[in-house]
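K.L.:
just to be clear, the model below is a prediction. Sequence and coordinates:
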Amino acid sequence: MSVYRYLSIVDFQADFIVWIQSARHPACDLFFKYISELGTIQAMLITWAIFVWFISYRYGCRIILVNLVLQYFGSLWLKALVALPRPSEIFPAIIAIEPAKGFSFPSGHVINAIIFWGMVALFFKKRWVTFACTSIIFLIGLSRIYLGVHYPMDVLASFAMGGAALFCFEKKHQAKDWLCNVSDGVKVGGILGSSLVLYGLVLLFAPQGIPPSWFYSFVSLYTSSCLGWLLKNRWILWSETVPWSQRFLRTAIGMIVLLVPVTFYFKSFWTYWFIGFWLTLGVPLLFAKIVRAVR
């Protein structure tokens, strides 16, 4: 697929990237690389875990679900369909300060950022939290442009997609009431059925330019997180009003195990099955046993 059909769309955006990179400085490179890391899947796994185990289990699980669904359809499949090369691959004047795989449009980092930090702002509903979360989202978007791995339109489109997802999340009440009346068997069937569809889309259509492992990892994490969430609600009591000391304890215990696959970034999709279950079922089950033993 020729890149020239994109030049009329991205040419003026390339000038903007070159202008931003003209102010390059080692300190800026380091700062924006660090900020950009906040939008990676590894960083998301850690922040999801902190929210699920320390702040609100139910709301944290919703963050995970919304993020994974939007990433699968809005980021991975859209990347494959649009197939826009990275800026440095078309314009030699643009420097890829940080290497990036796959296509450019849209930005998975920005989608991660706006879903997580946007939902954090919606959860706390405090001005200073909203300001902090908005600042993080903006800086992650700016970092992807500065690092030369995304066009401004990639970032703006990701903002729009994430904003639409947040709006739909806020209007979820009818769907929430309906799901409460659905039996666990139907829920399990829905989770497994939707997972097979998501796996099948990749097997049947095999999108070019996107590693299949990316799709399988997201679907594995989606399936295991949803099943873990359902099993936890069925079997385990999890209080969100326990003392701060207990919240710190269960988060510390969970993080010790979670940091092993996150740090070494094991790429097997079985790792993501484990992570999903550990986030939503493993830690609640382990902590429930610890509490019973202490009593």
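P.N.:
Right, received. Where do you want to start?
K.L.:
all helices of the stretch 151-295 of the chain, in order?
P.N.:
Using DSSP state H, counting those that start in this stretch, the helices of the stretch 151-295 of the chain run over residues 152-170, 173-180, 184-205, 212-235, 244-264, 269-277, 283-294.
K.L.:
so which of those is nearest residue 84?
P.N.:
Smallest distance to residue 84 across these (Cβ to Cβ): 7.8 Å, for helix 152-170. C-beta: built from backbone N, CA, C; applies to glycine.
K.L.:
rewinding a little: would you single out the least confident of the helices of the stretch 151-295 of the chain?
P.N.:
Among the helices of the stretch 151-295 of the chain, helix 173-180 carries the lowest mean pLDDT, at a mean of 52.
K.L.:
now mean neighbour count and distance to residue 35 too, for the helices of the stretch 151-295 of the chain, in a markdown table please.
P.N.:
Formatted as a markdown table, the helices of the stretch 151-295 of the chain follow (neighbours: other Cβ atoms under 10 Å; distance: least, Cβ to Cβ, whole Å):
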| stretch | mean neighbour count | distance to residue 35 |
| --- | --- | --- |
| helix 152-170 | 18 | 13 |
| helix 173-180 | 9 | 34 |
| helix 184-205 | 13 | 31 |
| helix 212-235 | 21 | 22 |
| helix 244-264 | 15 | 19 |
| helix 269-277 | 20 | 24 |
| helix 283-294 | 15 | 28 |
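K.L.:
make TSV from those and add distance to residue 121 to it.
P.N.:
Listed next are those as TSV, based on distance: least, Cβ to Cβ, whole Å:
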stretch	distance to residue 121
helix 152-170	9
helix 173-180	19
helix 184-205	28
helix 212-235	22
helix 244-264	21
helix 269-277	25
helix 283-294	25
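K.L.:
looking at the ones you listed, which is nearest to residue 101?
P.N.:
Once those are compared by Cβ to Cβ, helix 212-235 is nearest, at 8.8 Å.
K.L.:
which of the residues in stretch 121-139 are buried?
P.N.:
Neighbour-count burial for stretch 121-139 flags 121, 122, 123, 130, 133, 136, 137, 138, 139 (criterion: 16 or more other Cβ atoms under 10 Å).
K.L.:
report the spatially nearest residue to the third one, omitting neighbours in sequence.
P.N.:
By the measure of Cβ to Cβ, 6 or more residues apart in numbering, the closest residue to residue 123 outside its immediate chain neighbours is residue 59, 5.6 Å from it.
K.L.:
distance check, that neighbour against residue 229.
P.N.:
Taking Cβ to Cβ, to the nearest Å as the measure, residue 59 falls 12 Å from residue 229.
K.L.:
same question for residue 215.
P.N.:
21 Å.
K.L.:
number of residues surrounding the residue nearest to residue 96 when sequence neighbours are not counted?
P.N.:
Take residue 96 and drop its neighbours on the chain: the residue closest to it by Cβ to Cβ, 6+ apart is residue 88, 4.0 Å away. When counting by other Cβ atoms under 10 Å, one arrives at 20 neighbours for residue 88.
K.L.:
before I go, just wanted to say thanks for your time.
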